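# Structural data only, the sequence is not supplied:
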C-alpha cells in the first residue's frame, strides 16, 4: 500500500474510547469512513463513527469480518492481544507496527530499547520476586516505584516504595505480575513531545507541552512548555530517533522529564496521547488528524502552533464545573459522551486559548 | 424546556448534508447523542452520527418515531414541508422556530419582513406572470434578477435580466413558480454576520466575514472583512434586530451588501451558514457548536476570533487540488464524505489560518 488512501476509504480503529472517538472525527474530516472495534457496549467512539463492531478481542471471527470491512487498521491503546494482532495483520495493514506495540507493551522492553538508543531513562531493574526487589532496591535506592511490566495506565499497577519497609506491600500489590522497579528522577517538570512519522519516513513534531499530573493522572498540559531552545531541540531529536528506529508510522507520545542534567525519557505511547489534545485548538492539523494522515499515507501537517493553549482534563466530578466552564469565552470543550461519571474517569477536556 | 439540555441527551437533526454533519460533530463534543433524519441514502452526516433514519419528509410515521427518540429538534435547511413541521412540533421543541422558517422560506415574505424592521433591501416586486414582470421591471429597471420565491439555493432558480428582451426567457425559467424580481444593488463587496441567540434572548455574533461568490456559489470567506468600525457595528446591530424580532433561537446567517450608502440585507438563512465555516479554526466555539449551545439552552460562546482565517470552498473538481492543499502548513481541511464529485457540488472546504 504505497499510494495515499483515497477519501471514501474505511479506517478501522481498535478501541472505542475517547481517543478512538477523536480519531474517528478527524478521519471523517478527511473524508474517510470509520469502523470501531470495541468489546464494551455503547462506546464513546460509536457516537461519531459510521460502524461499530461490539466483540471481544479473542473473537477471531469478528476480528476477521472487521478486517475485511476496512482498508487500514489503527488503534487507540497498546494492550492489544497478540492473537488478535496475528489475525488482523494477515488481512490488512496495521499502523503503528508490531514492534512499536511490543516495545511499549512491556516497560522492561521499552526501557531497554530506549537505553539501546543511548537515551537517558530512570534507573531500573526487573522484579519478579521479593528477592529480586531487594537486589533492585540496592541499585536504585529509595524512594522508588514498582510497576507491573504490562497493562498499566493512569497510575494503575504501581506501588511507591518510600523505604525498604514498603517492599513487601509493593510486591503484594503486583499480585504476581512481572514488574519493574524504577528509581526516582529528580526532575523540575515533565514535558511531552507528540511526534508523527509518515509512510515515507517524514517526521513532524508538535511543540512540546508541559504536563502536570495529579493523583497519577494527567491534569493539565500547557504550551509553550518551559524549555530552553536547546532542550526543545533535544526533545524533538530524541523523539525522531525513537520513531525512526521503530520504522514507526503514526503519532507517538513521548514523555520526558526535564532535569538539570538533560532530558530523561519517562515513557512512550504508540498512539495519540492525552498530552497532545491541546493541538485541537493550537494547530491547523491536530494530533488526531496527524495520526490519520500518517497511516493513510497523506502529507503530514507541519505541527506549527498558531496560538497558546492550556489543556485541562475533566476527571470525575470535574464535570460539576461544566456550567461555569461553558461560560468562559476562551474555552473549547471536548466531552467524551461517557454515560457514567466515576472518580478518576476521564470525562472530557477543555482547551483554553491563552493567546490574547 | 427551560433547563439546559444535559449531556447525554439526544439532538435530532433534519437533513444529513454537510451542515448536519458538522452540527453532529459539534453536538458530540458537548456530550450529546445525535439522530439524523434524511431521505437520501448514505448521508454525509450519518458517518459521524449515532443514528440515522432514512425516510421521506412526508413519512409522518417515521417523523413521529424520530421525534420520540430525541429531546430537541433542529435542521440544516429551511425547506422543510409544513406537514412535517406540524408532526414534529407537536412532539418536541424545534429550534429555530416556525416563524423564522416561514420568513426565510419565501423571498417575498423575507423582504417584507426586513423592510418592516426598517432595514434596507434591494428594490423588489412579486412576479407571477409575464405582465407582472413588465410592471416590476418598470420599478427596478435593468439589470435585474428574477428568483423563485421558494426553494432556491446556490444560484438555482434564478434568471438574470440584463435588458427587457430577456424577460420572456426569465419567466419561462421560473416554470410557473411564483417569483420575485430584485433590482441590482451597486455594492462594493458582500459580508455576512453569523449571529446566535440563546433561549434567554442573549445574543452573540462572530466577526463579519467577507464573501466572494463564483458562478452563484460562495467561493471564499475572509476574516477580518473590509469594514469600518461603524459598518461592523451596524452589521451586528441589524442582525440582532432580526433575531430579536423573530424570537429566534439558534444560529442565523445574515448576508449583507456593503454600499457607499450603507448596508443592504441580501438574505437571511435560519441555520448555520457556509460563510461561517471559518469559525472552526478562528474561534473557541464555532458556529456549529454555537447553534447546538443555543438550542440546548447552554451559554453561548462569545464569538471572539483568536486568529485570521480565509475559508475556501472545495467545489466539484476543486477536489483535484486536494493533494497539494494537504501539503499546506496552515490549511485545515474539512471534507464532507460525499461519495460522488459533481460540478457545482460542495465537496468540502479549507480554512487557511492567515495569522502569522
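Yep, that arrived. No experiment lies behind these values; they were computed from the predicted model shown.
# since we're on residue A:336, how many residues are nearby?
Residues lying near residue A:336 (other C-beta atoms under 10 Å in any protein chain shown) number 22. In this view, the C-beta of every residue, glycine as well, is placed from N, C-alpha and C.
# which one is it nearest to, not counting chain neighbours?
residue A:18 (4.0 Å; C-beta to C-beta, 6 or more residues apart in numbering or on different chains).
# so who does that neighbour touch?
Contacts for residue A:18 (C-beta atoms under 8 Å, 6 or more residues apart in numbering or on different chains) come out as A:44, A:45, A:336, A:338, A:346, A:348.
# which one of these is nearest residue A:167?
Nearest to residue A:167 out of the contacts of residue A:18 is residue A:346 (C-beta to C-beta; 31.7 Å).
# ok, now how distant is that closest one from residue A:253?
Remark: distance between residue A:346 and residue A:253 (C-beta to C-beta, to the nearest Å) = 15 Å.
# With secondary structure and pLDDT as new columns, can the contacts of residue A:18 be given to me in TSV?
Listed next are those as TSV, based on DSSP: H, G, I helix; E, B strand; the rest coil; pLDDT from 0 to 100:
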residue	secondary structure	pLDDT
A:44	helix	97
A:45	helix	98
A:336	coil	98
A:338	coil	96
A:346	strand	97
A:348	strand	98
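# Out of those, the closest to residue B:188 would be?
residue A:348 (44.7 Å).
# I'd like the distance between the closest one and residue B:30.
Distance, residue A:348 to residue B:30, using C-beta to C-beta: 9 Å.
# cool, and residue A:326?
Relative to residue B:30, and taking C-beta to C-beta, residue A:326 is found at 8 Å.
# what do the two both touch?
Here residue A:326 and residue B:30 have A:333, B:293, B:298 as joint contacts, going by C-beta under 8 Å, 6+ apart.
# Among these, name the ones in strands.
Counting by DSSP state E, those place residue A:333 in strands.
# Let me see the contact set for residue A:204.
A:195, A:196, A:198, A:290, A:300, A:301, A:302, A:303.
# Now the first one: which helix or strand?
Spelled out, it's residue A:195. Element membership for residue A:195 (DSSP states H and E) is strand A:189-197.
# per-residue confidence for residue A:152?
Note on residue A:152: pLDDT of 68.
# Same question for residue A:176.
If you check residue A:176, the pLDDT there is 87.
# Ramachandran angles for it?
Backbone torsions of residue A:176, given as degrees, to the nearest 10, read phi 80, psi 0.
# Can you give me the neighbour number for it?
10.
# what's the answer for residue A:247, then?
Neighbour tally, residue A:247, other C-beta under 10 Å: 12.
# Please name the nearest non-neighbouring residue to it.
residue A:97 (6.6 Å).
# who's in contact with the one you found?
Counting by C-beta under 8 Å, 6+ apart, residue A:97 touches A:246, A:247, A:248, A:249.
# Select from those every entry located in strands.
Checked against DSSP E, those include nothing in strands.
# export these to a markdown table and tack on pLDDT?
Below are these laid out as a markdown table (pLDDT from 0 to 100):
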| residue | pLDDT |
| --- | --- |
| A:246 | 98 |
| A:247 | 98 |
| A:248 | 98 |
| A:249 | 98 |
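# Any of the residues you listed buried? List them.
Burial of these was assessed by neighbour count (16 or more other C-beta atoms under 10 Å in any protein chain shown); the buried members are A:246, A:248, A:249.
# burial count for the residue nearest to the last one when sequence neighbours are not counted?
It stands for residue A:249. Nearest non-adjacent residue to residue A:249, counting by C-beta to C-beta, 6+ apart: residue A:95, 4.3 Å away. Neighbour count of residue A:95, defined by other C-beta under 10 Å: 21.
# Residue A:95 and residue A:294, how far apart?
7 Å.
# what residues do those two have in common as contacts?
Residues touching both residue A:95 and residue A:294 (C-beta under 8 Å, 6+ apart): A:249, A:250.
# which residues in chain A form helices?
For chain A, the helices defined by DSSP state H cover A:18-29, A:60-68, A:82-89, A:98-105, A:107-116, A:130-140, A:167-173, A:229-245, A:279-282, A:287-296, A:322-325.
# Out of these, which is closest to residue B:37?
helix A:18-29 (19.3 Å).
# and the closest one, how far from the chain's centre?
15 Å (C-alpha atoms, centre = their mean, to the nearest Å).
# ok, now stretch A:332-341?
19 Å.
# Assess the claim that residue A:247 and residue A:99 are in contact.
Yes: applying C-beta atoms under 8 Å, one finds residue A:247 in contact with residue A:99, separated by 7.3 Å.
# Get me the contact residues on the stretch 1-150 of chain A for chain B.
Within the stretch 1-150 of chain A, the positions adjacent to chain B are A:4, A:7-8, A:21, A:24-25, A:28-34, A:46-50 by C-beta under 8 Å from any C-beta of the partner chain.
# Tell me, how many residues neighbour the residue in the stretch 1-150 of chain A that chain B sits nearest to?
The nearest approach of the stretch 1-150 of chain A to chain B comes at residue A:31, 3.5 Å away (C-beta to the nearest C-beta). Here the number of neighbours of residue A:31 (other C-beta under 10 Å) works out to 24.
# In contact with it, which residues?
A:7, A:8, B:335, B:336, B:337, B:348.
# again with residue A:328
Residue A:328 sits in contact with residue A:352, where contact means C-beta under 8 Å, 6+ apart.
# which regions of chain A sit below the pLDDT cut-off?
A:1-2, A:152-155, A:356 (pLDDT under 70).
# Which parts of it belong to which domain?
A:10-94, A:123-183, A:189-353 (automatic domain parsing).
# Identify the residues contacting the nearest residue to residue A:234 once chain neighbours are set aside.
Sequence neighbours aside, residue A:263 is the residue nearest to residue A:234 in space, at 5.5 Å (criterion: C-beta to C-beta, 6+ apart). Shown in contact with residue A:263 (C-beta under 8 Å, 6+ apart): A:120, A:231, A:234, A:235, A:238, A:256, A:257.
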